[in-house]
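Colleague: need coordinates for the below:
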Amino acid sequence: MRSTAFVLAVGLASLAACSGDQPPDVPNTCTGAVYDLCRDEHDCAVANCRPFGSIQVCTQTCTDQTPCPADENGDAVPCTGGFCAPTAANNCKLP
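Modeller: Okay, the predicted model is just below:
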């Protein structure tokens, strides 16, 4: 019985501490910046929380004269219906 408990304890410890394993990426907390995730307008610095496809993000208005800022990867974001419409949200977690 003791040997079984010892083997089980050693096995669990080795699973928890494998050398070379990288911890999972933990996203930053969303700050309300453009393209951050949001639940409502109160989550956004510019008070514009809009759904785009499967995401809901903070956005801003845009025109031909006022284009959208690039996303966090540097990719262009289209102006759709007067709002910047990213294809993905910034890598952040809602508080």
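Colleague: CA atoms only: put stretch 65-79 into PDB for me.
Modeller: Extracted in PDB, the C-alpha atoms of stretch 65-79 (Å, rounded to 0.1, in the frame of the first residue of the first chain):
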ATOM      1  CA  GLN A  65     -10.700  60.900 -44.400                       C
ATOM      2  CA  THR A  66     -10.300  59.200 -40.900                       C
ATOM      3  CA  PRO A  67      -9.200  55.700 -41.600                       C
ATOM      4  CA  CYS A  68      -9.000  52.900 -39.000                       C
ATOM      5  CA  PRO A  69      -5.800  52.300 -37.000                       C
ATOM      6  CA  ALA A  70      -4.100  49.000 -37.700                       C
ATOM      7  CA  ASP A  71      -4.700  46.100 -35.300                       C
ATOM      8  CA  GLU A  72      -2.100  44.900 -32.800                       C
ATOM      9  CA  ASN A  73      -0.500  42.800 -35.500                       C
ATOM     10  CA  GLY A  74      -0.100  45.800 -37.800                       C
ATOM     11  CA  ASP A  75      -2.800  44.600 -40.200                       C
ATOM     12  CA  ALA A  76      -5.200  47.100 -41.900                       C
ATOM     13  CA  VAL A  77      -8.700  47.200 -40.400                       C
ATOM     14  CA  PRO A  78     -11.600  48.100 -42.800                       C
ATOM     15  CA  CYS A  79     -14.100  50.800 -42.200                       C
END
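Colleague: chain center to that stretch, what's the gap?
Modeller: 17 Å (Cα atoms, centre = their mean, to the nearest Å).
Colleague: what lies in contact with that stretch?
Modeller: For stretch 65-79, contacts defined as Cβ atoms under 8 Å, 6 or more residues apart in numbering pick out 34-35, 60, 62-64, 84-88, 90-91. (Glycine included, C-beta is placed from N, CA and C.)
Colleague: looking at the residues you listed, state which has the most neighbours.
Modeller: residue 35 (27 neighbours; other Cβ atoms under 10 Å).
Colleague: I'd say it and residue 92 touch.
Modeller: No. Assessed by Cβ atoms under 8 Å, residue 35 is found out of contact with residue 92, at 9.1 Å.
Colleague: list the contacts for residue 59?
Modeller: Residue 59 makes contact with 34, 35, 44, 46, 48, 49, 50, 52, 83, 84, 85, 86 under the criterion Cβ under 8 Å, 6+ apart.
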